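A.B. asks: need a structure here:
(one chain, ligands or ions: 1)
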Amino acid sequence: MTPPPQKYSVPLYTTSNGCPVRNPNAMIKMGKYGPALLQDHHLIDLLAHFDRERIPERVAHAKGSGAHGYLEVTDDVSDLVSADFLNGIGKRTSLFLRFSTVGGEKGSADSARDPRGFAVKFYTQEGVIDWVNINSPIFFIRNGVQFPFLVHTQKSRDPQTNLKDVNMYWDFLCNNPESVHNIMFVFSDRGTPFSYRHMHGYSAHTYKWINKEGKFHYVQIHLLTDQGIKNLTNEQAHALEADDPDHAGRDLHEAISSGNYPSWTVCVQTMTAEEAKKAPFSVFDLTKTWPQKDYPLRKFAKLVLDRNPENYHAEVEQSAFSPANTVPGIEPSADPVLQARLFSYSDTQRYRLGANFNQIPINCPLQAYSPFQRDGVACVNGNYGSAPNYPSSFEPLDYRSDASNNESHEKWVGEATSFQWSVTDDDYDQPRAMWEVFRKTGQQEAFIHNLSANLKGAKPEIQARVIEMFSRVTPEISGRLSTALQS
Ligand code: HEM
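C.D. replies: Below is the predicted model of the structure:
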């Protein structure tokens, strides 16, 4: 950004209150060699700001890269969804997208074996909606309460040694074998995508799309890379960790700055409530995919990234996505992991960025008028002027005429119950089907290799439990895994 116009002909360095500083390398001192003076406002201003330069990194997905772009509607989905930004072929909506790894710290390597975050913020005429997606159609857990435990075993360090520990990683996964489907994805070569441009994105969760007539469908979103899937081998990924830890961020930035704009074809899978009742799995189970032969993909948009951020901290680090941010016509489903997420994101962002994080330009909706939420630290948007701060009879707000718009489509009745999904034989059906896909596409060898390379660092009793878990998918995997571990 260029400095604001000022009375001097060349841009002048100033203190943060705008006072010109002729020599930023000089300090005010008592005599030439005496102590420094507290009245040196430039020094104090500079150091005080430096001391506060870091903000907390994200508790998960700390390492990431972002870019601006747009979504263009290519096919009519008005029969499915009333959301304004998805209605009208050719309609374009500006967006900001942040890719990330999950388990590493902010300085960790982009090529780690890990899921990849794929978070998109759309600036629509009806507010900001975020698709906080991932590069796999499934996830490790299916109860929201498990997420902190999952992250503790994969990202946090041992409380005593401060070391990462492969044993706690596998101990957690074996204790929660519904994770096996996602483990198979992450230990295939898709667990080390060549770059952010060469992977698909998925909502993974079921959401609800509601049309103009008020009818809803359960939906899952797929973003298919137009660059084609390209992965790293285990060895290539390890080499990049040492040689170019920022490889994926560099790849994205260089592609966009050279005009080679990456794009994704956006599709939706749909299910009516009646179809969902008949499906052989729950649509609220995040460890399951919807087979495309039964629930085909329907293309509706193109997503393009065409502009790099001007400033990493302002745009990428301060971006704040939440699955709770939605627009009329799109709602969360009852998926228990999604339900927990609806709370967690804005909560961490109030801590990470402050109560008014939605006023930071990258998070700001095109328009917002919520004078009942005002004041607090860094309230920079004019604070809604003199508008009343309660629902007042003197303010002609629209909400009074629109109280019944949010009709619920599902009727939930029941007692408050402590619920944990138990693991059954059915949970191994889709992982078994994935193993057959690996057979057809020649990926079995790489999967066994990647898995055994990782497990070699674990204790023998942990290895035995992992082998036992995979024997429930198919004895072929457990047999090949135990041979690979002995070699
Ligand atoms: C109960 C389960 C989950 C909880 C509590 C949770 C919580 C969080 C939190 C606290 C962050 C950091 C947000 C920030 O600092 O701005 C985060 C980041 C993220 N999460 Fe989750 N998460 C969960 C599951 C998932 C799932 C299932 C997905 C994908 C389908 C996902 C995708 C992401 C992405 C993409 C980011 C990075 C967003 C960005 O780029 O800023 N998370 N998550």
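A.B. asks: Phi first, then psi, for the closest residue to Ala453 other than its chain neighbours.
C.D. replies: Nearest non-adjacent residue to Ala453, counting by Cβ to Cβ, 6 or more residues apart in numbering: Asn234, 5.6 Å away. Placement of C-beta: from N, CA and C, glycine included. With angles defined as degrees, to the nearest 10, Asn234 sits at phi -50, psi -40.
A.B. asks: Quick check: Asn234 touching Ser452?
C.D. replies: No. With contact defined as Cβ atoms under 8 Å, Asn234 does not reach Ser452; the gap is 10.0 Å.
A.B. asks: what comes up buried for the lengthiest helix in the chain?
C.D. replies: Counting by DSSP state H, the longest helix found in the chain is helix 336-353. For helix 336-353, the neighbour count (16 or more other Cβ atoms under 10 Å) marks 336-342, 344-346, 348-349, 352-353 as buried.
A.B. asks: any idea how far Gly127 is from Glu105?
C.D. replies: 33 Å (Cβ to Cβ, to the nearest Å).
A.B. asks: now stretch 264-273: mean pLDDT?
C.D. replies: The average pLDDT within stretch 264-273 is 98.
A.B. asks: typo on my end, stretch 228-245
C.D. replies: Stretch 228-245 comes out at a mean pLDDT of 98.
A.B. asks: ok now it, how far from the chain's centre?
C.D. replies: Distance of stretch 228-245 from its chain centroid, counting by Cα atoms, centre = their mean, to the nearest Å, is 21 Å.
A.B. asks: Over to stretch 181-200?
C.D. replies: Relative to its chain's centre, stretch 181-200 lies at 15 Å (Cα atoms, centre = their mean).
A.B. asks: So what would you say the end-to-end distance of it is?
C.D. replies: One end of stretch 181-200 sits 17 Å from the other (Cα to Cα, to the nearest Å).
A.B. asks: just stretch 218-231 next, same as before
C.D. replies: Terminal-residue distance, stretch 218-231 (Cα to Cα): 31 Å.
A.B. asks: try stretch 412-431
C.D. replies: Length of stretch 412-431, first residue to last, Cα to Cα: 31 Å.
A.B. asks: Now tell me what touches it from outside.
C.D. replies: For stretch 412-431, contacts defined as Cβ atoms under 8 Å, 6 or more residues apart in numbering pick out 138, 142-143, 177-178, 180-181, 184, 280-281, 285, 287-289, 334, 336, 472-473.
A.B. asks: How about stretch 78-88?
C.D. replies: With Cβ under 8 Å, 6+ apart, stretch 78-88 has contacts from 71, 73, 77, 91, 93, 122, 124-126, 129, 209-212, 217, 219, 268, 270, 300-301, 327-330.
A.B. asks: Tell me if I am right that Tyr65 is in a helix.
C.D. replies: No Tyr there; residue 65 is Ser. No. Ser65 sits outside any helix when classified using DSSP: H, G, I helix; E, B strand; the rest coil, being strand.
A.B. asks: Could you pull up the residues touching it?
C.D. replies: Taking Cβ under 8 Å, 6+ apart, we find Ser65 in contact with Arg98, Phe99, Ser100, Asp110, Tyr196, Ala248, Gly249, Leu252, His253, Val316.
A.B. asks: model confidence over stretch 386-394, on average?
C.D. replies: Per-residue scores along stretch 386-394 average to 88.
A.B. asks: Restricting to C-alpha, output that stretch in CSV.
C.D. replies: Included here for stretch 386-394 are C-alpha records, laid out as CSV according to Å, rounded to 0.1, in the frame of the first residue of the first chain:
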residue,chain,number,x,y,z
SER,A,386,-25.8,7.0,16.9
ALA,A,387,-28.1,4.0,16.2
PRO,A,388,-29.8,2.6,19.3
ASN,A,389,-28.1,-0.4,20.9
TYR,A,390,-31.3,-2.4,21.6
PRO,A,391,-34.2,-3.3,19.3
SER,A,392,-35.9,0.1,19.4
SER,A,393,-39.3,1.4,18.3
PHE,A,394,-37.5,4.4,16.8
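A.B. asks: who in the stretch 351-487 of the chain is up against the ligand?
C.D. replies: Residues of the stretch 351-487 of the chain found near the ligand (Cβ under 6 Å from any ligand atom) are Arg352.
A.B. asks: How many neighbouring residues does whatever residue of the chain ends up closest to the ligand have?
C.D. replies: Per Cβ to the nearest ligand atom, Gly117 is where the chain lies closest to the ligand, at 2.8 Å. Residues lying near Gly117 (other Cβ atoms under 10 Å) number 23.
A.B. asks: Now the element after the helix or strand hosting it, going C-ward?
C.D. replies: Using DSSP states H and E, the element containing Gly117 is strand 116-124. Once the chain leaves strand 116-124, the next helix or strand it forms, by DSSP H and E, is strand 127-134.
A.B. asks: which residues sit against that following strand?
C.D. replies: Here strand 127-134 makes contact (Cβ under 8 Å, 6+ apart) with 83, 85, 115-122, 201-204, 221, 223, 321-323, 325-327, 330, 341, 345, 363-366, 368.
A.B. asks: any idea how this structure splits into domains?
C.D. replies: The chain is divided into the following domains under automatic domain parsing: 1-53, 64-144+193-366, 428-486.
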